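Trainee: What follows is a predicted structure for the sequence shown.
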Amino acid sequence: MKSQKSYTEQLKDVKEVFQRFTLKPVEGVPLMKPIADNWEKVASFRAHPNDLLIATYPKAGTTWIQEMVDLILNNGDAEKCQRAPIPERIPFLEIFSSPTIPSGVELLEQTPSPRVIKTHLPLQLVPQSFWEQRCKVIYVARNAKDNLVSYFHFDRMNQTQPEPGPWSGYITKFMKGELSWGSWYDHVKGYWQEREKRGILYLFYEEMKQNPRQEIVRVMNYLGQSLPDDIIEKIVELTSFKSMKSNPMANYTFFPDFIFDHKVSPFMRKGEVGDWKNHFSEEESAIFDAHYAEQMKGSDIPFKTVI
């Protein structure tokens, strides 16, 4: 670590470093400029064989699956899983550093194995060492419309991402893949197409909402863990939206408002399936659906927009 201060204290020290960064492409994928400028450190990251990679497109249930995994690996011990803010427990691989806060790569280099690692990178940008070491990978996908809505509100409150602009224009940027971490379509299809070859556990946000116990058991089995029913039920409760929204180590209220402004929109806003109906007009929905059909032609990914 660059400092002996707590993670939260370190964040408060670097207000002048944070701003709404511009995007810069890496192999055609737009990333925040500080990530792109330090790309070589990410690309050359050395994975360990027992690393677990959690991959998602932004706002597809990332924090939810992180908390599930942490609880499964810690036998449902809620107190142990509140040992630190979630970015410290499960470092964000590609995130950039500041004068006092280590980058994701730096933090991971100091994290003992076995490590759990978060990324939003599309499959083609994941460091090759993860595939060479045959690491386990959990991917969570969320239906495009709800993902778009959640990302829009996130970009409103996240003071490090580009200004989202008006809702109507944001839809266009999403469809064109002009947001941080690029095209949703390429992202979900990339991991889906490689899931069997690379042994990826591919989960759906909507299934996690519909039957959380079932999906927790799937993750548990994938990780080679075995927990009794009462612990599984405890994990179901601890990872409910209500519980996580009030969990200070998971709800990102530990980020100061010059990074995440919760007065604009809470990090954990609704966590629903079908909220897109409250945002898309009939015309916007029709345009989006036509574009979606074209982009997903030939794909058999079984997304649900309602449950």
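Mentor: Noted; the coordinates are in hand. What you are looking at is a predicted structure, and each value in this text was computed from that prediction instead of being measured.
Trainee: For the stretch 1-150 of the chain, which segments count as strands?
Mentor: Read by DSSP state E, counting those that start in this stretch, the stretch 1-150 of the chain holds these strands, from start to end of the chain: 23-26, 29-32, 52-56, 116-119, 136-141.
Trainee: remind me which residues of the protein are low pLDDT?
Mentor: Applying pLDDT under 70 to the chain flags the ranges 1-17, 99-100, 251-252, 264-269.
Trainee: Give me the nearest residue to the residue nearest the centre of it, chain neighbours excluded.
Mentor: Note on the chain: the residue nearest the mean C-alpha position is T62, at 3.4 Å, using Cα atoms, centre = their mean. Across the structure, with Cβ to Cβ, 6 or more residues apart in numbering as the measure, the residue nearest T62 apart from its sequence neighbours is T56 (4.4 Å). Using the backbone N, CA and C atoms, a C-beta is placed for each residue, glycine as well.
Trainee: Please apply the same query to E178.
Mentor: Looking at E178 with Cβ to Cβ, 6+ apart, the closest residue is P30, at 6.4 Å.
Trainee: Is that neighbour bridged to anything, and to what?
Mentor: Note on P30: beta-bridge partners P25, judged by DSSP bridges.
Trainee: quick one: secondary structure of the nearest residue to G165 once chain neighbours are set aside?
Mentor: The shortest distance from G165 to any residue other than its chain neighbours is 7.7 Å, reached at K173 (Cβ to Cβ, 6+ apart). For K173, the reduced secondary structure class is helix; criterion used: DSSP: H, G, I helix; E, B strand; the rest coil.
Trainee: Show me what the helix or strand hosting Y151 packs onto, helices and strands only.
Mentor: With the criterion set as DSSP states H and E, the secondary-structure element containing Y151 is helix 144-157. Counting contacts by 3 or more Cβ pairs under 8 Å, 6 or more residues apart in numbering; DSSP states H and E, the secondary-structure elements packed against helix 144-157 are helix 167-176, helix 184-194, helix 282-295.
Trainee: relative to helix 167-176, how tilted is that helix?
Mentor: 120 degrees (axes from the mean of the first three to the mean of the last three Cα atoms, to 10 degrees).
Trainee: Just give me the neighbour total for the residue nearest to P114 when sequence neighbours are not counted.
Mentor: Sequence neighbours aside, N50 is the residue nearest to P114 in space, at 4.2 Å (criterion: Cβ to Cβ, 6+ apart). N50 sits with 11 neighbouring residues when counted by other Cβ atoms under 10 Å.
Trainee: quick one: P228 and A55, what's the gap?
Mentor: Using Cβ to Cβ, to the nearest Å, one obtains 29 Å as the distance from P228 to A55.
Trainee: more neighbours, those two?
Mentor: A55 (27 against 10).
Trainee: can you pull the contacts of the more buried one?
Mentor: By Cβ atoms under 8 Å, 6 or more residues apart in numbering, the contact list for A55 reads K118, T119, H120, L121, L123, V126, V137, I138, Y139, V140, Y191.
Trainee: The third one is in contact with L53, isn't it?
Mentor: No. Here H120 lies out of contact with L53, judged by Cβ atoms under 8 Å, at a distance of 11.3 Å.
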